[in-house]
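Asker: when you get a sec, could you give me coordinates for this:
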Amino acid sequence: MKRKTVGGDEVDAFAKTRRSRNWKAGERKALKAKASRRERRDARIAPAR
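Answerer: Numbering: from 1, shown residues only. Model (predicted):
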């Protein structure tokens with residue numbers, strides 16, 4: 001499943017061309033954690049709608 005991205009950094013971090021950019025230590029992991037948290041929150045809230 002393709003991840004819904006918010007912002008250019010997430011697009012760059014999750015694309016196959018992510019290696020073309022120099023990431024700081026932990027930067028991609030933080031972006032992935034933030035996106036996962038957002039997905040879990042959306043999944044929890046969505047059935048209540």
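Asker: pLDDT weak spots in this protein?
Answerer: Within the chain, the segments meeting pLDDT under 70 span 1, 47-49.
Asker: let's see that with 80 instead.
Answerer: Low-confidence segments of the chain (pLDDT under 80): 1-4, 46-49.
Asker: and the residue most central in space within it, what does it touch?
Answerer: Geometric centre of the chain, nearest residue: residue 35, 3.6 Å, by CA atoms, centre = their mean. Listed by CB atoms under 8 Å, 6 or more residues apart in numbering, the contact partners of residue 35 are 3, 5, 6, 10, 14. Where you see a C-beta, it was placed from the backbone N, CA and C, and this is true even at glycine.
Asker: who wins on neighbours among these?
Answerer: In terms of neighbours by other CB atoms under 10 Å, the contacts of residue 35 top out with residue 10 at 18 neighbours.
Asker: just checking, that one touches residue 31?
Answerer: Yes: counting by CB atoms under 8 Å, residue 10 touches residue 31, with 5.5 Å between them.
Asker: okay, and the residue nearest to the centre of the chain sits in which element?
Answerer: In the assignment (DSSP states H and E), residue 35 maps to helix 27-45.
Asker: how about the CA coordinates for that helix, as PDB?
Answerer: Taking C-alpha atoms only, helix 27-45 is exported to PDB below (Å, rounded to 0.1, in the frame of the first residue of the first chain):
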ATOM      1  CA  GLU A  27      16.000  12.100  10.200                       C
ATOM      2  CA  ARG A  28      14.300   9.500   8.000                       C
ATOM      3  CA  LYS A  29      13.400   7.400  11.000                       C
ATOM      4  CA  ALA A  30      11.700  10.400  12.600                       C
ATOM      5  CA  LEU A  31       9.700  11.100   9.400                       C
ATOM      6  CA  LYS A  32       8.600   7.500   9.200                       C
ATOM      7  CA  ALA A  33       7.600   7.400  12.900                       C
ATOM      8  CA  LYS A  34       5.600  10.700  12.400                       C
ATOM      9  CA  ALA A  35       3.800   9.200   9.300                       C
ATOM     10  CA  SER A  36       3.100   5.900  11.100                       C
ATOM     11  CA  ARG A  37       1.600   7.800  14.100                       C
ATOM     12  CA  ARG A  38      -0.600   9.800  11.800                       C
ATOM     13  CA  GLU A  39      -1.800   6.700  10.000                       C
ATOM     14  CA  ARG A  40      -2.600   4.900  13.300                       C
ATOM     15  CA  ARG A  41      -4.500   8.000  14.500                       C
ATOM     16  CA  ASP A  42      -6.500   8.300  11.200                       C
ATOM     17  CA  ALA A  43      -7.300   4.600  11.400                       C
ATOM     18  CA  ARG A  44      -8.600   4.900  15.000                       C
ATOM     19  CA  ILE A  45     -10.700   8.000  14.200                       C
END
